[in-house]
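Chemist: Sequence below, structure please.
(2 chains)
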Amino acid sequence: MDTFVQQLINGLTIGAIYALIALGYTMVYGILRLINFAHGDIYMVGAFVGYFLAFQLGFATGPSLVGLTVVLIGSMIAAALVGMAIERFAYRPIRKYARMTTLITAIGVSLLIENLFVARLGAAPRAFPQLLREQSYTLFGNAAISKSQILIFAVSIALMILLQWVIFKTKVGTAMRAVSFNLNSAKLMGINTDFIISFTFALGSALAAAGGVLTAQYNPQIDPLMGIITGLKAFVAAVLGGIGNVPGAVLGGLLIGIAETFVVGYGQNVGVPTTFRDAVAFAILILVLLFRPTGLLGSTVQEKV
Amino acid sequence: MKRTLLSLGLIASLLFVFACERKGGPGAGGNSGPIVIGYYGDLTGRTSNFGQSTKNGVEMAADEINKAGGINGRQVTILSEDDEGRPEKAATVVTKLIDQDRVVALLGEVASGNTLAAAPKAQAAKVPMISPSSTNPAVTQVGDYISRVCFIDPFQGAVMAKFAANTLKAKKAAIMLDFNSPYSRGLTEFFEASFTKLGGQIVNKQSYTQGDRDYKGQLTAIRSTNPDVIYVPGYYGEVGVIAKQAKQLDIKAPLLGGDGWDSTQLWDLGGDALNGDYISNHYSVDDPSPAIQKFVAAYKARNGNVPDALAALGYDAMMVLADSIKRAGTTEGPQLKDAIAATRNFIGVTGTISLDAERNAVKPAVVLKLQDKKYIYVETIYPEGMTAPAASPAAPVTSSTDSPNAPAAAPAKADTAPAVKAVSPAVGTKKPTPSPQ
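Modeler: Numbering: from 1, shown residues only, chains lettered A, B, ... in the order given. Next comes the predicted model:
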């Protein structure tokens, strides 16, 4: 039982990170019908910005809550700017062309970011400085939860509530929803769609960067290719929950995280090797696409003529 | 038509250039001119600390050789290639070093998987290759041109099993291995065999793959079986994180590892979570013997940091190669490989190196305890039948002035197990030798 609770906590931790990244995929898809494959790399950029901020501002020497806050917010802002720049220079000029064009551009942007980082910084993993004094707490008998895990839960829940508030209670959120219904009508109603799209990219990128810095506190190893697999799994999470659906992305992220951890933790007992952890996300994706193409919480969208 | 002719002309001229290159490569000149030696390693990839350290050691040895007048009057040139830690790239760069640069011998790699990919190329081209630190037994089984200056995994695995069972008095061990690494699988196999032979029990075995980001699933499964020790025969990049996450899960059992842990980055990743863990290694920087201290001081002056075991092995590999070229009197592959295989009682930094019939070095291993970013010497374990020659400057001596177990330097006689402890078994529970640093 202890072990089960422990595995659940482990799964929810990585699931929360997947959820943060999946939100960016799902929001951009909701508005532009574009799978932004460069999004996983924004998560990596966030972690690296945090890494350099920590060293430049002198927070790398020891744990400090101020340092953590500054690094977290700083990397979120930087990633938001990167996300906006990608949208402005890579996606906007080709927005009027077929959707396939933007999709392939997105893959190109992803490769560009990865290889720029490899070329500038090398592929060797770096150790992210510890900004949080690590400590474990015991709950339910023997299940341990560490400070970095509590941080992941607290920050991601706070950010998700904030996002919900932005989308449903603010003017810009209303405009986002309007754009996601119909871009052209929204434009006719006087909404500055370019700004809204830019804003959506900024929002999604900031969430991914938060995920990057939070993961780096939990697992201090960062490298320029860390966004590939994590980004793909977050994408699967977004599809699983129903792409375009915000609560669905969170649900999908948590489910993928738990599924993966359970494969590792219990797979051996039933003959599934732990190396199947990455495969399970994609197996789930295939099953979802077969039986419920719109995802768990997604609704059937009527194609407009 | 014109275009076809033009491209044919281009191809012909290209072929001509390559033909010239093959003939006139830098290493081609028989028995005069500089001796060109190829080094390949991971200089930018996931295990780049390994490749860089080894390269530093190799280059330092080459500089010392050149300053002392070279080998048989010829200077040594090292050509380095980066394999990014990928086996397929290792095979490619070694082919380049052989075909294009015409190197007379090769030094590398650290990770057994990469050496195994490159070794067949060297064997086929009859270019001798010395691996400084690949410990998987299969490496030298590729062929008679491949040798190494380190001990092999059956010994290293047995050392840790012996240490766990005898010194730490562990009864139950769990294993966490890197599923795709021949190094990790080899060590796991030999640790398991020795540990069960010594009366221990393997209670759980989990695996991960290089580049995984989360290990808590495996560690939680291990925790539920309450092992006394956890053997993690992996590389520093993953191990640092595993140690950290193990502590987050409140796992109290010490982690045990091998030479793959030895890297400065291990501490950046694992930090205090590594305190109290143990590794087997090739040498200890704390060893007071003058040969080692001279090497450590020279390396520090040159590179600004303390040499890890890989730097020391890189240095030894280059020195053994130089010694073999001297004895062979030529750089021709067939004679040189025989000279390398005939290396006996070569005094290196990492111990006295004698190659056995399989071209593996027979050397003792040291067990080090990890504490506050330092590797603290605990004990030396000798291979079967080998005793520590008192005069050998490289055999780690326990009688440093502040050692709590000073009189225990005399090696014990070998028993049937592949490894025999040479120092008193009282070490483990007591405070280990304080580091002189």
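
Chemist: okay, CA-based contacts and neighbour counts for the rest of this
Modeler: OK.

Chemist: Pick out the residue closest to the middle of chain B.
Modeler: The structure's chain B has its C-alpha centroid closest to B:Ser133; by C-alpha atoms, centre = their mean the separation is 2.4 Å.

Chemist: Spit out the contact partners of that one.
Modeler: B:108-111, B:148-150, B:310, B:313-314 (C-alpha atoms under 8 Å, 6 or more residues apart in numbering or on different chains).

Chemist: export those to CSV and tack on neighbour count, secondary structure and distance to B:Ala138?
Modeler: Listed next are the contacts of B:Ser133 as CSV, based on neighbours: other C-alpha atoms under 10 Å in any protein chain shown; DSSP: H, G, I helix; E, B strand; the rest coil; distance: C-alpha to C-alpha, whole Å:
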residue, neighbour count, secondary structure, distance to B:Ala138
B:Gly108, 31, coil, 15
B:Glu109, 31, coil, 14
B:Val110, 25, coil, 14
B:Ala111, 28, coil, 12
B:Arg148, 28, strand, 11
B:Val149, 31, coil, 15
B:Cys150, 29, coil, 13
B:Leu310, 31, helix, 20
B:Leu313, 29, helix, 19
B:Gly314, 31, helix, 20
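
Chemist: Farthest-apart pair in the residues you listed, please.
Modeler: Using C-alpha to C-alpha, the pair of these lying farthest apart is B:Ala111 and B:Val149, separated by 14.0 Å.

Chemist: Following element in sequence after the helix or strand containing B:Ala173, please.
Modeler: Taking DSSP states H and E as the criterion, B:Ala173 maps to strand B:172-178. Of the helices and strands lying after strand B:172-178 in sequence (DSSP H and E), the nearest is helix B:182-197.

Chemist: Now do the buried residues in that following helix.
Modeler: Neighbour counts using 16 or more other C-alpha atoms under 10 Å in any protein chain shown place B:182-188, B:190-196 of helix B:182-197 among the buried residues.

Chemist: which residues are in contact with the helix or strand where B:Met318 lies?
Modeler: Here B:Met318, judged by DSSP H and E, is contained in helix B:309-328. Among residues not part of helix B:309-328, those counted as contacts by C-alpha under 8 Å, 6+ apart are B:50, B:53-62, B:65, B:71-72, B:107, B:110, B:130-133, B:148-150, B:259, B:262, B:281-284, B:331, B:335-336, B:339-340, B:343, B:346, B:348-350.

Chemist: Likewise for stretch B:168-188?
Modeler: A:275, B:111-113, B:134-136, B:153-154, B:156-157, B:164-165, B:199-210, B:218, B:222, B:226-234, B:428-429.

Chemist: And the average pLDDT for that stretch is what?
Modeler: For stretch B:168-188, the mean pLDDT works out to 90.

Chemist: Only C-alpha atoms, please: export it in CSV.
Modeler: Extracted in CSV, the C-alpha atoms of stretch B:168-188 (Å, rounded to 0.1, in the frame of the first residue of the first chain):
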residue,chain,number,x,y,z
LEU,B,168,29.5,-3.8,5.0
LYS,B,169,28.0,-7.1,6.2
ALA,B,170,25.2,-6.8,3.7
LYS,B,171,22.8,-9.7,3.3
LYS,B,172,20.3,-8.2,0.8
ALA,B,173,21.2,-6.2,-2.2
ALA,B,174,19.2,-4.6,-4.9
ILE,B,175,20.5,-3.7,-8.3
MET,B,176,19.6,-0.7,-10.6
LEU,B,177,21.3,-1.1,-14.0
ASP,B,178,21.6,0.8,-17.2
PHE,B,179,19.7,-1.5,-19.5
ASN,B,180,21.4,-0.6,-22.8
SER,B,181,25.0,-0.4,-21.5
PRO,B,182,27.3,-3.4,-21.9
TYR,B,183,29.4,-2.0,-19.0
SER,B,184,26.4,-1.9,-16.7
ARG,B,185,25.1,-5.3,-17.7
GLY,B,186,28.5,-6.9,-17.3
LEU,B,187,29.0,-5.5,-13.8
THR,B,188,25.5,-6.5,-12.8
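
Chemist: that older thread, just the angle for the strand holding B:Ala173 relative to helix B:182-197, thanks.
Modeler: 170 degrees (axes from the mean of the first three to the mean of the last three C-alpha atoms, to 10 degrees).

Chemist: Tell me the buried residues in strand B:172-178?
Modeler: Neighbour-count burial for strand B:172-178 [16+ other C-alpha under 10 Å]: B:172-178.

Chemist: Closest one of those to A:Asn115?
Modeler: B:Asp178 (26.5 Å).

Chemist: before we move on, back to that, could the buried residues of helix B:182-197 be laid out in TSV, adding distance to A:Gly265?
Modeler: Formatted as TSV, these follow (distance: C-alpha to C-alpha, whole Å):
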residue	distance to A:Gly265
B:Pro182	23
B:Tyr183	24
B:Ser184	20
B:Arg185	20
B:Gly186	23
B:Leu187	23
B:Thr188	20
B:Phe190	25
B:Phe191	23
B:Glu192	21
B:Ala193	25
B:Ser194	27
B:Phe195	24
B:Thr196	24
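
Chemist: if we can go back for a sec, and the contacts of helix B:309-328, which of them are buried?
Modeler: B:50, B:53-62, B:65, B:71, B:107, B:110, B:130-133, B:148-150, B:259, B:262, B:281-284, B:331, B:335-336, B:339-340, B:343, B:348-350.
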